[in-house]
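In: Here is my input, please return the structure:
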Amino acid sequence: MRRVVWSDTARNDLRSAVRYIAVDDPGAARLVRGRINRTVALLADTPVGHHGRVKGTYEKLVLRTSYILAYAMSDRAITILHLIHAHRDWPEGTWPADE
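Out: Numbering: from 1, shown residues only. The predicted model follows:
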C-alpha cells in the first residue's frame, strides 16, 4: 500500500469545496468529504484512475459526487494534487484557473 500525501493546493481545494457545500447543507458537506476520503483510501490500496489531462498525472472520479481527484504516483506514495469540480473548464494540459 502506498502512503497518501495531500499537496497544500489539494487541501485548500477540499476545504473550499466542503465549506461551499456546507453553506446550504452541512450534512451533504460531511457526506461529500467522507466520499472523497474513502476514494483516497482506495487509491492508496489500488490506484485505478486514468491518465490525467496534465502530463504525468492521473484522475479518479469520486463516485456519487461532482469531484475529480488529480494525483501523481510513485512507488511509495500517491500525491493528491488537486480536487476539482467536474463542471470546471479544464483544458487539456493545464489545471483549471483559480476562481
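In: Need the residues that contact the lowest-mean-pLDDT helix or strand in the chain.
Out: Sorting the helices and strands of the chain by mean pLDDT, DSSP states H and E puts strand 50-51 at the bottom, at a mean of 94. For strand 50-51, contacts defined as Cβ atoms under 8 Å, 6 or more residues apart in numbering pick out 57-60. In this view, the C-beta of every residue, glycine as well, is placed from N, C-alpha and C.
In: Next step: those residues restricted to strands.
Out: Among the contacts of strand 50-51, the ones falling in strands (DSSP state E) are 58-60.
In: Can you give me the buried ones in the longest strand along the chain?
Out: Longest strand in the chain by number of residues, with DSSP E as the criterion: strand 77-85. Applying a neighbour-count criterion of 16 or more other Cβ atoms under 10 Å, one finds 78-85 buried in strand 77-85.
In: pLDDT averaged over it - what is it?
Out: Averaged across strand 77-85, pLDDT comes to 96.
In: where does the chain dip in pLDDT?
Out: Residue ranges of the chain with pLDDT under 70: 98-99.
In: correct me, but residue 2 touches residue 77?
Out: Yes - the pair residue 2 / residue 77 is scored as a contact, 5.3 Å apart, by Cβ atoms under 8 Å.
In: From residue 70, how far off is residue 94?
Out: Counting by Cβ to Cβ, to the nearest Å, the gap from residue 94 to residue 70 is 11 Å.
In: correction: residue 16
Out: Residue 16 is 15 Å from residue 70, where distance means Cβ to Cβ.
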